[in-house]
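Q: I'll drop the sequence and a predicted model, then ask my questions.
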Amino acid sequence: MKERYDVIVAGAGLSGSLAAATAVKGGASVALLDRNKEAEVGKKTNWGWVCGDAVADSHLKFVTEKIGIRFGAPELDYKVDGVIAISPDLASRFPFEGEGWMLDRPVFEQKLLQYAIKGGAEYHSEFEVEGPLMENGFVCGIFGKDREKKHVEMRAKLVIDALGMATTLRRKLPQNPYVDREVDIADIESTGRYIYEVDVDHDDLNWYDKKNALIHLNQEIAPGGYGWVFPKSNGKVNIGIGVQKASLDMRNQKRGTKDSLHTLMDAYVKMNPVIKNLRLYNAHNNGKGYWSVAVRRQMDSLVFNGYMGAGDSMAMPNPISAGGIGPALVAGILAGENAAKAVANGNTSVDSLWNYNLDFNKAYGSKTAGLEVFRVYLQSLNNEMINYGMKNFLSTKEAVALGYGHTTELSLASKFRMVLKGAQNIGAFTNLVYVVKKMKELEAIYEDYPESPLGFEKWRGLANRSVEEAKQRFRPRPV
Ligand SMILES: Cc1cc2nc3c(=O)[nH]c(=O)nc-3n(C[C@H](O)[C@H](O)[C@H](O)COP(=O)(O)OP(=O)(O)OC[C@H]3O[C@@H](n4cnc5c(N)ncnc54)[C@H](O)[C@@H]3O)c2cc1C
């Protein structure tokens with residue numbers, strides 16, 4: 001092990017392996033650290049590679065176009081035409097995302113790691129990262145434990161935090177004006193899923209669709225979140241739910257129940273009338289697991305002196321779908337590119353790293369604040385309102401545009417007149433009009449993201465106030 005590197009990448013999940021591969025390509029010397037054994041790289045916890053495994057084709061294409069790595073079988077396990085969101089009464093269906101893939105997640109992670117190693121990244125497995133080393137206001141390395149549990153300090157010009165949701169780096173940064181250390185629990189979904197081999201009892205596309213990934217919006221089944229049934233190869237399914245703690249507590253209180261993520265997950269599996277004779281598919285010991293996903297906009301700044309973050313460590317998953325594979329892949333590459341440039345320029349200060357914020361916002365991040373507001377709105381609707389809204393408020397085209405965070409082509413004004421003529425739930429509709437306006441406002445704020453750290457404090461105040469205003473207006477109301 002060397003003492004000093006240009007870049008240390010902490011975490012060899014999706015974002016970390018790609019950040020390391022890209023930084024090496026850009027000429028940097030890179031150490032890539034992960035707590036897992038090499039054969040289990042990217043495993044999030046003892047529960048495995050807990051994930052729904054679905055990723056849009058466009059994100060994989062981004063990776064191929066940027067660094068040339070091509071994907072196919074076996075890491076791309078199964079192709080789907082898209083994702084379909086289904087209303088609680090099963091009467092409305094909105095397609096999202098377009099063509100995508102179900103990954104064999106352990107195999108996919110291994111492919112990215114080997115690509116990084118082949119490129120020249122120095123990989124250290126079974127290394128537990130415990131926190132950042134600080135010097136003169138800069139992150140200048142990490143400390144942790146090697147596989148013999150020996151305390152190790154490793155230094156670098158720059159550290160990339162790719163440690164995922166429970167990062168020990170971001171959370172231990174000194175108080176600073178750029179990167180927040182904590183994520184609000186209201187912005188976190190507790191999630192769990194099984195991978196089963198199943199028999200299909202009969203055709204019912206509301207419960208199992210071998211061509212599409214299904215999402216059940218339903219506040220009874222998954223308060224503050226949703227349930228999913230995603231098809232995999234050879235008659236397997238990835239089935240799970242995500243819930244918001246506040247919504248679950250409220251539902252339990254109102255119902256006098258003691259449901260947990262676990263009981264709701266099992267109830268969801270059991271109520272599916274189509275998939276039968278479930279056999280846990282436990283390859284890689286990855287058949288059942290629980291973990292958390294942040295569903296807010298990404299951290300306002302992804303950089304600090306000597307520090308960059310990518311993927312779940314920066315709360316990058318999509319606030320509506322919780323899809324974090326795509327942004328982790330995109331961010332890993334952009335972080336690696338910018339890291340190599342900063343090192344080559346001999347400057348890893350926050351100013352020098354700032355361009356990564358701009359790159360990520362352009363490629364993915366500028367829509368997420370609007371989607372966060374849309375998520376908070378959805379969490380304020382009970383099943384009846386979701387049913388009504390999906391049927392009456394939005395055309396499929398409008399719903400899809402909103403789901404992507406686009407707001408411009410909406411023809412809501414005419415709908416508004418229609419609803420005013422005598423429909424119910426005016427309040428919910430008025431709120432939707434407010435949300436669309438708010439999404440536009442946030443789009444404009446993110447278009448104005450500061451070109452350097454200079455204007456950041458003012459910008460951040462504006463963005464946070466705008467999102468907070470919506471959060472004050474909408475409170476969770478699952479039942
Ligand atoms: C139940 C569930 C379902 C999901 N479904 C989907 C889906 O269908 N589609 C989608 O796009 N996204 C989904 N997501 C989100 C997606 O899985 C994540 O966004 C993605 O894994 C983020 O990748 P990452 O590289 O940032 O972090 P991670 O995948 O979390 O990788 C972090 C790596 O760092 C290692 N590490 C962590 N701490 C330390 C430490 N202290 N020292 C050393 N190493 C450490 C970990 O072991 C791991 O290898 C889901 C998430 C969950 C929990």
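A: Structure received.
Q: going by C-alpha atoms from here, please, whenever you check contacts or count neighbours.
A: OK.
Q: give me the buried positions along stretch 462-474.
A: 463, 466, 467, 470, 471, 474 (16 or more other CA atoms under 10 Å).
Q: what of stretch 247-265?
A: Result for stretch 247-265 [16+ other CA under 10 Å]: buried residues 247, 248, 249, 250, 251, 252, 259, 261, 262, 264, 265.
Q: the first one falls within a helix, correct?
A: Translated: residue 247. Yes - judged by DSSP: H, G, I helix; E, B strand; the rest coil, residue 247 forms part of a helix.
Q: roughly how far does it sit from residue 325?
A: Using CA to CA, to the nearest Å, residue 247 is found at 25 Å from residue 325.
Q: residue contacts, residue 15?
A: The neighbours of residue 15, taking CA atoms under 8 Å, 6 or more residues apart in numbering as the test, are 162, 310, 311, 328, 329, 330, 331, 332, 333.
Q: the same query, at a cut-off of 6 Å, please.
A: Residue 15 sits next to 162, 311, 328, 329, 332 when contact means CA atoms under 6 Å, 6 or more residues apart in numbering.
Q: so which of the residues you listed reach the ligand?
A: 162, 311, 328 (CA under 6 Å from any ligand atom).
Q: so which of the residues you listed is the closest to residue 123?
A: residue 162 (14.1 Å; CA to CA).
Q: neighbours of that closest one, how many?
A: For residue 162, the count of nearby residues is 33 (other CA atoms under 10 Å).
Q: identify the farthest-apart pair in the buried residues of stretch 462-474.
A: So, the buried residues of stretch 462-474 by CA to CA: farthest apart are 463 and 474, at 17.2 Å.
Q: re earlier: any chance of a markdown table for the buried residues of stretch 247-265, columns pLDDT, distance to the ligand and secondary structure?
A: Below are the buried residues of stretch 247-265 laid out as a markdown table (pLDDT from 0 to 100; distance: CA to the nearest ligand atom, whole Å; DSSP: H, G, I helix; E, B strand; the rest coil):
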| residue | pLDDT | distance to the ligand | secondary structure |
| --- | --- | --- | --- |
| 247 | 95 | 18 | helix |
| 248 | 96 | 17 | helix |
| 249 | 94 | 20 | helix |
| 250 | 93 | 22 | helix |
| 251 | 94 | 21 | helix |
| 252 | 95 | 22 | helix |
| 259 | 96 | 18 | coil |
| 261 | 97 | 11 | helix |
| 262 | 96 | 12 | helix |
| 264 | 97 | 14 | helix |
| 265 | 97 | 11 | helix |
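Q: quick check, nearest of these to residue 292?
A: residue 261 (11.2 Å).
Q: following the helix or strand containing residue 24, which helix or strand shows up next?
A: Per DSSP states H and E, residue 24 falls inside helix 14-25. Beyond helix 14-25 on the C-terminal side, the first helix or strand identified by DSSP H and E is strand 30-33.
Q: quick one: contacts of the strand ranked longest in the chain?
A: Ordering each strand of the chain by length in residues (DSSP state E) puts strand 188-200 first. Residues from elsewhere that reach strand 188-200 (CA under 6 Å, 6+ apart): 235-244, 274-281, 287-295.
Q: brilliant, that's me finished.
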